[in-house]
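Enquirer: What follows is a predicted structure for the sequence shown.
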Amino acid sequence: MKADPKAEAAPAAGSKKKLMIMAIAGVLVLGGGAGAGWFFLHGSGDADTAHAEDAPAKKKKKKDKEHAKAEYVPVESFTVNLQPENGDQYLQIQFTLQVEGPEQVALLKDNMAKVRSRVLLLLSGKKASEINTVAGKQQLAAEIKAVVQEPFDEGGDDQDVSDVLFTSFIIQ
C-alpha cells in the first residue's frame with residue numbers, strides 16, 4: 001500500500017507554520033528587549049528637561065557662553081611716554097579686545113573713554129625693559145584684560161573680555 005501524498009504534506013506544512021510563528025515571536029521578543037534596554041539606559045526626554053530646569057543659573061550662563069560667537073572690538077592706537085630708564089622712551093600700541101556676544105561689544109563701545117583711560121594709566125607706569133620680551137607682552141596683555149574687565153559702574157557686572165590681541169607694538 002502506498003501512502004497518501006496529501007497526508008505526508010500536511011505534517012510538513014504544519015511544522016513550517018510552527019517554525020515561522022516561533023521565528024516571528026523570537027524577533028518580537030528581541031525587538032521588545034532592545035527597545036526596553038534603550039529606554040532605560042537613555043531615559044525619556046522629560047527627565048532631561050527636568051534636570052535642565054534644576055541646573056543653577058551659572059551653568060546656563062556657561063552654556064550660553066560656549067555658543068556665543070566671539071566678537072572683536074578694536075581700540076584706537078595709544079602713544080605713551082614710558083618710565084625713564086635710558087633717556088626718554090615711548091610706546092605706540094594698538095590692540096583689539098575679544099569679547100563674547102554683541103552685548104559686550106555695545107557695552108565696551110559705550111564706555112570706550114573709560115577703557116582708554118584705564119589702559120593709558122596702566123601703560124604710562126611701565127618701563128621699556130618690562131614689556132620688551134614676549135613674556136613681558138603676555139603679562140601686559142593680561143594686565144590690560146584685568147583693567148578692562150573691572151565694572152564700569154559701581155555695583156555693575158564685570159565685562160567679559162576673553163583676550164587682548166596686539167595689532168601694533170612699537171617701543172622707541
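Expert: Now that the structure is in, tell me what you want to look at.
Enquirer: which residues touch stretch 106-113?
Expert: Applying Cβ atoms under 8 Å, 6 or more residues apart in numbering, the external contacts of stretch 106-113 come out as Val73, Val75, Leu97, Val99, Val115, Val148, Phe152, Gln159, Val161. Placement of C-beta: from N, CA and C, glycine included.
Enquirer: Restricted to buried residues, select the residues you listed in PyMOL.
Expert: Applying 16 or more other Cβ atoms under 10 Å to the contacts of stretch 106-113, the buried members can be selected in PyMOL as follows:
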select buried, resi 73+75+97+99+115+148+152+159+161
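Enquirer: So which of the contacts of stretch 106-113 sits lowest on pLDDT?
Expert: Minimum pLDDT for the contacts of stretch 106-113 is recorded at Gln159 (81).
Enquirer: can you tell me which residues contact the nearest residue to it once chain neighbours are set aside?
Expert: Distances taken as Cβ to Cβ, 6 or more residues apart in numbering place Gln149 nearest to Gln159, at 5.0 Å, with adjacent residues excluded. Contact analysis of Gln149 by Cβ under 8 Å, 6+ apart lists Asp158, Gln159, Asp160, Val161.
Enquirer: taking those residues one by one, which sit in strands?
Expert: If you go by DSSP state E, the contacts of Gln149 have Val161 in strands.
Enquirer: Let me know the closest of the contacts of Gln149 to Lys126.
Expert: Proximity of these to Lys126, judged by Cβ to Cβ, is greatest for Val161, which lies at 19.5 Å.
Enquirer: I figured that closest one was touching Val99, is that so?
Expert: Yes. Applying Cβ atoms under 8 Å, one finds Val161 in contact with Val99, separated by 5.6 Å.
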